[in-house]
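Asks: Pasting a predicted model and its sequence here:
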Amino acid sequence: QKEVEQDPGPLSVPEGAIVSLNCTYSNSAFQYFMWYRQYSRKGPELLMYTYSSGNKEDGRFTAQVDKSSKYISLFIRDSQPSDSATYLCAMSQYGGATNKLIFGTGTLLAVQP
Amino acid sequence: GAVVSQHPSWVICKSGTSVKIECRSLDFQATTMFWYRQFPKQSLMLMATSNEGSKATYEQGVEKDKFLINHASLTLSTLTVTSAHPEDSSFYICSGGLDYGYTFGSGTRLTVV
């Protein structure tokens, strides 16, 4: 079993839809959770960063962490064609710049105009 | 803040030659940088952790003599693919960061012919 599971998709939605992206994990020690967006042939871009359980909102993006269920989500409201990309969840036990991240496989999202 | 610059963005080399990829932290000091490899439609695979002033830490299964990492200063880490072969063709990405999340370079697409 992988430490982090993520449905690879592809997920296709119409413009304006609410998108839900999810990851599950097995290591209960994970405390730091991140979502990255990666456009084709580019490096990943940090979207959201959360610590422990709870919700965090930034514009059209909302990240949720449920540590009791070992489940994290990213919601995208009013999705746009420019949101079409691969979304990667990542997590770590410790914060700080010296700790490696464990990534999900990524979900490919296509927003149709 | 936390800008990572990676060069070159793409490179084609002949089989048997060596290729160097540079990763620079432009606005922060990076004691640690991470090097990843990504195959098409797959997630990031951590290759090694680069530590300023000391030897890199390689993940299991990564040939340290083939993928040479040097982190001689707080702003520069390099990955050299030695005696490259076609199976080394891939997308290589570096990352570094501050206390929250990580910033990725734009990636280097290596093609070995």
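Replies: Thanks, I have the structure now.
Asks: Dig out what residue 50 forms beta bridges with.
Replies: Picked chain A for this. residue A:33 (DSSP bridges).
Asks: could you do chain B instead?
Replies: Going by DSSP bridges, residue B:50 forms beta bridges with residue B:33.
Asks: ok, how many other residues are close to the residue of chain A found nearest chain B?
Replies: When scored by Cβ to the nearest Cβ, chain A has residue A:43 as its residue closest to chain B, at 3.6 Å. Heads up, the C-betas are built off the backbone N, CA and C, glycines and all. Residue A:43 has 22 neighbouring residues, counting by other Cβ atoms under 10 Å in any protein chain shown.
Asks: go on, residue A:75?
Replies: 17.
Asks: That one against residue A:22, yeah?
Replies: No - judged on Cβ atoms under 8 Å, residue A:75 makes no contact with residue A:22 at a distance of 9.8 Å.
Asks: give the contact list for the residue in chain B that chain A sits nearest to.
Replies: Closest contact between chain B and chain A, by Cβ to the nearest Cβ, is at residue B:104 (3.6 Å). If you count contacts by Cβ atoms under 8 Å, 6 or more residues apart in numbering or on different chains, residue B:104 has them with A:36, A:43, A:44, A:45, B:4, B:93, B:94, B:95.
Asks: What residues are bridge-paired with the closest residue to the fourth one other than its chain neighbours?
Replies: Once flanking residues are discounted, residue A:45 sits nearest to residue A:37: 5.1 Å by Cβ to Cβ, 6 or more residues apart in numbering or on different chains. Residues in a beta bridge with residue A:37, per DSSP bridges, are residue A:45, residue A:87.
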